[in-house]
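Trainee: what's the 3D shape of this:
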Amino acid sequence: MLILTLFAVLAGVVTILSPCILPILPILLSSTADKSGKRRPIGIVLGFVTSFTFFTLFLSSLVIAIGIGADVLRMSSVVVLGLFGLSLVVHPIQEAFERIATRLTARLPASSTRGGLGGGLLVGLSLGILWTPCVGPILAAVISLALVGTVTAQAFIITLAYAFGTAVPMFIILQAGSAARQKIPWLVQNAAAIQQSFGVVMLATAIAIFFNLDRRFQTFVLTTFPQYGTSLTQLEDIPLVQTQLQERFSGKNTKSSTDSLAPEIVGGQQWFNLPSTILPVESLQLAQLRGKVVLLDFWTYSCINCQRTLPYLQNWWEKYQDDGLVIIGIHSPEFEFEKNPGNVAEAIADFGLSYPTVQDNEFAIWRAYSNRYWPAKYLIDAEGLIRYTHFGEGKYDETERVIQNLLKEAGSIITDTTPDNPTYQNYAQTHETYLGYARMDSLASPERVVRDSFATYSSPSKLPNDAFSLAGSWRITSEFSQPAAGAQLYLNFASKKVFLVALPSSDDSAEIIVSLDGREERLEVAADKLYTVVDLPDPGRHTLKLTFPTGSVALYAFTFG
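Mentor: Next up, the predicted model:
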């Protein structure tokens, strides 16, 4: 935990060099021109650390609880910053601003409010809401917990450490600016004009953020300098940090760790493929399977990574079921349409799976195992203990050897002891791209996202690497994006294959025109599933264009291979 905390602080410190700091940098510089007190920098830092930590961990829960959208909080913060910028220009407004700040901080000592601490707190609180950091692995692990409402003390400490690290260079900038304003003769003589100039800068920045111009500027920077900032999160990718993340946030040191008793399979919904050769029942429980080796596979049918593991699982089922192996697929849906038992049954048939599978629509089994991944495998021995886990793709020979050893421990005679599983080369450099606003993080269209209603978007002349843009009229929901007739989507990617999770939004099938490297093809979307959009002979970086002649389709996510 200490290692993750230290690296979270370091990650926060180096954020000052990232492109994500650029939209709020004018606000920090403008704050150095204010003459209301020496304590203002402290107020800004305290307000920033408090609001960033709180809203990072609890914004999703807060929005659900009070029914106020995150955009309302963002716009309120923009108004506060705009008023503060205006106060630097117009002295009566500055006095009114300070009176409001003093009332809001009435419980603080009088010397603190006179020193500008109150006004600084308001600015800092607003900055914490507005700022979107460049997320590395450490903060990403924390955010993933916050999205499902499972914030822990460890997550709180790490988020606080990250905010503190970011606040350190902020404080240095604020203090250095204040010191220069007081000691350099030219700055002292022109203090009033400088304050007003910075006020105009802050006001202009607030207006730019209101109209989402900060996103357009950030896109321009990343397009012009595509490698800018990419190395700043590499310090979080070292093995020591990755090991700590695995232990703290992926279920280890819990009741689902190796050599511990496996949690029971409870809370599932419909079962599929329950052969009478195992037990003549309508569901399975681990207590009934003592003496057998059980492999639990967490998956969801639109996940390409999961799909690539299914042939190996089916092969092991056919190869070892007579020796005492039981495979149970735990279908934990990533998207709402994957909860439909008819869709799951169809997917099981399409993939040719004959081993038992249970729907885990409420994620009860997922939470019991503290799982964090699709796919994830848990091997349970004949005594009911978890003996091996593997998350993601790969290590098929290693997994099969563990199956063989556990079956031998249970008394089975395994004659074929040389695993020979085919290998799969993943050429993807672009990560999974979600098209619903709840997890959308690579949209390059300059317009602000309008939630759950149709709005017009545009595409920049050049897309940043691994980003996408929308053109025309689109409706963006929490899970998917829906185009109007004639709308387009552009995607910059580096891989050999591109897959799209999509479903028709009407009773009729929908058509997509796929344009890549001067060639056009037509893709028919007739069912709720994963579609192969691009299949190239060699991997490379390309820009894909999708056109939707009639709309009538819901797009959930791109995955790559």
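
Trainee: could you tell me the end-to-end distance of stretch 403-415?
Mentor: Terminal residues of stretch 403-415 are spaced 13 Å apart (C-alpha to C-alpha, to the nearest Å).

Trainee: correction: the previous question concerned stretch 468-485.
Mentor: One end of stretch 468-485 to the other measures 19 Å (C-alpha to C-alpha).

Trainee: do stretch 495-515 as well
Mentor: Start and end residues of stretch 495-515 are separated by 16 Å (C-alpha to C-alpha).

Trainee: which parts of it are buried?
Mentor: Neighbour-count burial for stretch 495-515, counted by 16 or more other C-beta atoms under 10 Å, picks out 495-505, 510-512, 514. All C-beta atoms are positioned from the backbone trio N, CA, C, and that covers glycine.

Trainee: farthest-apart pair in these, please.
Mentor: Pairwise distances across the buried residues of stretch 495-515 (C-beta to C-beta) peak at 29.3 Å, for the pair 496 and 505.

Trainee: contacts only, for residue 375.
Mentor: The neighbours of residue 375, taking C-beta atoms under 8 Å, 6 or more residues apart in numbering as the test, are 297, 298, 299, 303, 305, 306, 309, 391, 392, 393.

Trainee: all strands for the stretch 301-450 of the chain, in order.
Mentor: For the stretch 301-450 of the chain, applying DSSP state E, counting those that start in this stretch gives strands covering 325-331, 357-359, 376-380, 386-391, 433-434.

Trainee: and of those strands, who's closest to residue 529?
Mentor: Residue 529 lies closest to strand 325-331 among the strands of the stretch 301-450 of the chain, at 13.9 Å (C-beta to C-beta).

Trainee: so this protein: which segments form each domain?
Mentor: Per the record, the chain has its domains at 2-243, 250-409, 433-560, by automatic domain parsing.

Trainee: hey, least reliable of those domains by pLDDT?
Mentor: Mean pLDDT across those is lowest at domain 2-243; the value there is a mean of 66.

Trainee: other SSEs contacting the top helix by length along the chain?
Mentor: In the chain, taking DSSP state H as the definition, the longest helix is helix 153-183. When contacts are defined as 3 or more C-beta pairs under 8 Å, 6 or more residues apart in numbering; DSSP states H and E, helix 153-183 packs onto helix 2-14, helix 25-31, helix 40-66, helix 137-147, helix 185-189.

Trainee: give the buried residues for it.
Mentor: For helix 153-183, a neighbour-count test (16+ other C-beta under 10 Å) marks 154-167, 169-171, 173-174, 177-178, 181 as buried.

Trainee: how about stretch 356-366?
Mentor: For stretch 356-366, by 16+ other C-beta under 10 Å, it's 356, 357, 358, 359, 360, 361, 364, 365, 366.

Trainee: measure residue 82 to residue 534 for me?
Mentor: Separation of residue 82 from residue 534 (C-beta to C-beta, to the nearest Å): 45 Å.

Trainee: cool, residue 437 as well?
Mentor: Distance, residue 437 to residue 534, using C-beta to C-beta: 25 Å.

Trainee: check residue 273 too.
Mentor: 33 Å.

Trainee: comparing those two, which residue is more hemmed in?
Mentor: Comparing residue 273 with residue 534 by other C-beta atoms under 10 Å, the one with more neighbours is residue 534, at 21 against 18.

Trainee: correct me if wrong: that one contacts residue 494.
Mentor: No. Under the criterion of C-beta atoms under 8 Å, residue 534 makes no contact with residue 494, lying 11.6 Å away.

Trainee: which positions in stretch 204-211 come out as buried?
Mentor: Across stretch 204-211, burial judged by 16+ other C-beta under 10 Å covers 205, 206, 208, 209, 210.

Trainee: how about the residues you listed in TSV, adding secondary structure and distance to residue 376?
Mentor: Listed next are those as TSV, based on DSSP: H, G, I helix; E, B strand; the rest coil; distance: C-beta to C-beta, whole Å:
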residue	secondary structure	distance to residue 376
205	helix	44
206	helix	45
208	helix	43
209	helix	40
210	helix	43
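
Trainee: which of those residues lies closest to residue 323?
Mentor: Among the buried residues of stretch 204-211, residue 209 lies closest to residue 323 (C-beta to C-beta), at 62.9 Å.

Trainee: thought the closest one was touching residue 78?
Mentor: Yes. Assessed by C-beta under 8 Å, residue 209 is found in contact with residue 78 at 5.3 Å.

Trainee: my guess is residue 386 meets residue 379, correct?
Mentor: Yes. Using C-beta under 8 Å, residue 386 makes contact with residue 379 at a distance of 7.2 Å.

Trainee: how close does the residue lying closest to residue 293 once chain neighbours are set aside get to residue 396?
Mentor: In space, and not counting its chain neighbours, residue 293 is closest to residue 406: 4.5 Å by C-beta to C-beta, 6 or more residues apart in numbering. Distance of residue 406 to residue 396, given as C-beta to C-beta: 16 Å.

Trainee: ok, now residue 194?
Mentor: Note on residue 194: its distance to residue 396, by C-beta to C-beta, is 65 Å.
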